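Asks: predicted model and sequence follow; I will ask about them next.
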Amino acid sequence: MWLIKKDTLQMIMEASKDSYPREFGALLRAEDNVIYEIALVPGTIQSDRYTLFYMYSKPIDFSLVGSVHSHPSGITKPSDEDLRMFSLTGKIHIIVGYPYNLKDYSAYDRSGNKVPLEIIGD
Ligand SMILES: [Zn+2]
């Protein structure tokens, strides 16, 4: 069971709105299955899914548990490229969809199976 802090999810939605109509992507940091922070890698183009893929092949620290990226189409289903990226590493992968309200997200494991992700905090 995964949890995400409400303010972290809000930050993801705001960043996704800022990036629209491009994709936004970042890595997720968690402690005890609670996602509490997103990690941006300096010098990368956040809208480029292949950059995200590259970041994944070189993990920066072990508190990074997965990834998040936005789908400007509004459909929060992983693409074939997403599934390849998920399978490389990371236990939890979030896709958020336009219009990026707090409930516009889905979470997946590294095999692409949908997993529950609950929001905690105010
Ligand atoms: Zn995607």
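Replies: Nice, I can see it. Numbering: from 1, shown residues only.
Asks: quick check: what element follows the worst-scoring helix or strand of the chain on mean pLDDT along the chain?
Replies: Ranked by mean pLDDT, DSSP states H and E, the weakest helix or strand in the chain is helix 49-57, scoring a mean of 52. Going down the chain from helix 49-57, the next helix or strand is strand 64-71, by DSSP states H and E.
Asks: so in that sheet, which strands flank that next one, and in what orientation?
Replies: Strands that pair with strand 64-71, judged by DSSP bridges, come out as strand 25-31 (antiparallel), strand 92-97 (parallel).
Asks: next, the residue in the chain that the ion sits nearest to: phi, psi?
Replies: Residue nearest to the ion within the chain: Asp82 (4.0 Å; Cβ to the ion). (Each C-beta comes from the backbone N, C-alpha and C, glycine too.) With angles defined as degrees, to the nearest 10, Asp82 sits at phi -60, psi -50.
Asks: who in the chain is up against the ion?
Replies: 79, 82 (Cβ under 5 Å from the ion).
Asks: residue ranges with poor pLDDT in the chain?
Replies: 41-62, 122 (pLDDT under 70).
Asks: got the buried residues for stretch 91-110?
Replies: 92-98, 100, 104-110 (16 or more other Cβ atoms under 10 Å).
Asks: export that stretch as CSV, just CAs?
Replies: Provided in CSV are the C-alpha atoms of stretch 91-110 (Å, rounded to 0.1, in the frame of the first residue of the first chain):
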residue,chain,number,x,y,z
LYS,A,91,8.5,0.2,-7.4
ILE,A,92,5.8,2.8,-7.9
HIS,A,93,5.0,4.9,-11.0
ILE,A,94,2.4,7.6,-11.1
ILE,A,95,0.7,9.0,-14.2
VAL,A,96,-1.3,12.2,-13.8
GLY,A,97,-3.7,13.3,-16.4
TYR,A,98,-5.1,16.7,-17.7
PRO,A,99,-6.8,18.7,-16.3
TYR,A,100,-4.6,17.8,-13.3
ASN,A,101,-7.1,18.0,-10.5
LEU,A,102,-6.1,16.2,-7.3
LYS,A,103,-7.9,13.0,-8.3
ASP,A,104,-6.5,12.9,-11.8
TYR,A,105,-3.9,10.2,-11.2
SER,A,106,-3.3,6.5,-11.5
ALA,A,107,-0.4,4.5,-9.9
TYR,A,108,1.3,1.4,-11.3
ASP,A,109,3.9,-1.2,-10.2
ARG,A,110,7.0,-2.0,-12.3
